[in-house]
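1. Just need the structure, nothing else, for what follows:
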Amino acid sequence: MISFASYDRTVLVCHERGEGPTLVCLPGGPGRSSGYLGDLGGLAAQRRLILLDNRGTGESEAPVNPATYAMDRMVADVEALRVHLGFEQMDLLGHSAAGGLALLYAARYPERIGHLVLVTPSVQPVGIEMTEQWYAQIESRADERWYGSRLPDLKAWDAGDESRRLRAQPFFYSPWNETAEAHATQFAERSIEAAERFYTSMPAPEETRASLAKVTAPVLVIAGEQDPGPLPAHAAELAGIFPGGTSIVLPGAHYPWVTAPNAFAEAVGRFLETSLPNSA
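-> The predicted structure is shown next:
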């Protein structure tokens, strides 16, 4: 376990898994601790994973100032971690909401990125809209046996009823089986305060896009085949912002390392190995 004081003296904690070149991993949610990332489908067999508990989650302290839960403020936590680790550059992975955090970090510190892996990331920071496609993808699973009983839960959760979040989870895993249900249930907790404040302030999308166009590091954007967001088209659009960006589609949905672990670990491992070597 690694602990360090961030810019405002909030003590943050990272968990280490595996050995090899370092990959810093940011959990999404928003407001979830890093435990749900596990070993990223066996990627820890190839990489030393540094899994950050974002402020107010897991083993990390809650900040004195709740406004620092905002995504653009949390960029400073990622930079504080890089400084603590002593890396000139780092390989960085962000999942879901933290894909957005990783985007803002790369926009602010393009020279600090060795490789960037964005796993089913939030595309809000770059202004990609996907509301209509979201529900079209949801409806594409209408023939699955659980669909009718869980659709009201998804709609209620999407409308703000946090109590229905766990019941809505089948739409974010594919297949929805015992493995997926166990993962969703085990890692259901999140900080509501952190979640509610995460998207409260972001730079203008056009500013972020312009800054990301200066990122020369290799970038991999991963979409899940049945994920309601981002869809493969959104992932491709996001990858196209970067000079060295590429997108791939993996089996599964929002958590491809859970339901397609081998495909996930192979794809990410191959990307990291065939790109520039990790400076760490």
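2. what ranges do the strands span in the chain?
-> 2-5, 11-17, 22-26, 48-53, 90-95, 113-119, 219-224, 245-250 (DSSP state E).
3. Check which helices and strands the third one is in contact with.
-> Yep, that's strand 22-26 we're talking about. Strand 22-26 sits against strand 48-53, helix 71-85, strand 90-95, helix 97-108, with contacts defined as 3 or more Cβ pairs under 8 Å, 6 or more residues apart in numbering; DSSP states H and E. C-beta coordinates here come from the backbone N, C-alpha and C atoms, glycine included.
4. still on that earlier bit, compile the strands of the chain into JSON lines and extend it with columns for mean neighbour count.
-> Listed next are the strands of the chain as JSON lines, based on neighbours: other Cβ atoms under 10 Å:
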{"stretch": "strand 2-5", "mean neighbour count": "14"}
{"stretch": "strand 11-17", "mean neighbour count": "18"}
{"stretch": "strand 22-26", "mean neighbour count": "25"}
{"stretch": "strand 48-53", "mean neighbour count": "23"}
{"stretch": "strand 90-95", "mean neighbour count": "27"}
{"stretch": "strand 113-119", "mean neighbour count": "26"}
{"stretch": "strand 219-224", "mean neighbour count": "27"}
{"stretch": "strand 245-250", "mean neighbour count": "19"}
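5. right, and those - which one's nearest residue 144?
-> strand 219-224 (15.2 Å; Cβ to Cβ).
6. and the angle from the closest one to strand 90-95?
-> 20 degrees (axes from the mean of the first three to the mean of the last three Cα atoms, to 10 degrees).
7. orientation of strand 219-224 relative to helix 97-108 in degrees?
-> Using the same axes, to 10 degrees: strand 219-224 against helix 97-108 is 160 degrees.
8. contacting residues around strand 219-224?
-> Here strand 219-224 makes contact (Cβ atoms under 8 Å, 6 or more residues apart in numbering) with 106, 115-121, 174, 230-232, 234-236, 238-239, 242, 244-256, 264, 267-268, 271.
9. ditto for stretch 128-140
-> Contacts of stretch 128-140 (Cβ under 8 Å, 6+ apart): 123, 151, 154, 171, 226-231, 233-234, 237-238.
10. tell me the mean pLDDT over that stretch?
-> Across stretch 128-140, the average pLDDT comes to 88.
11. cool, stretch 37-48 as well?
-> For stretch 37-48, the per-residue pLDDT averages 97.
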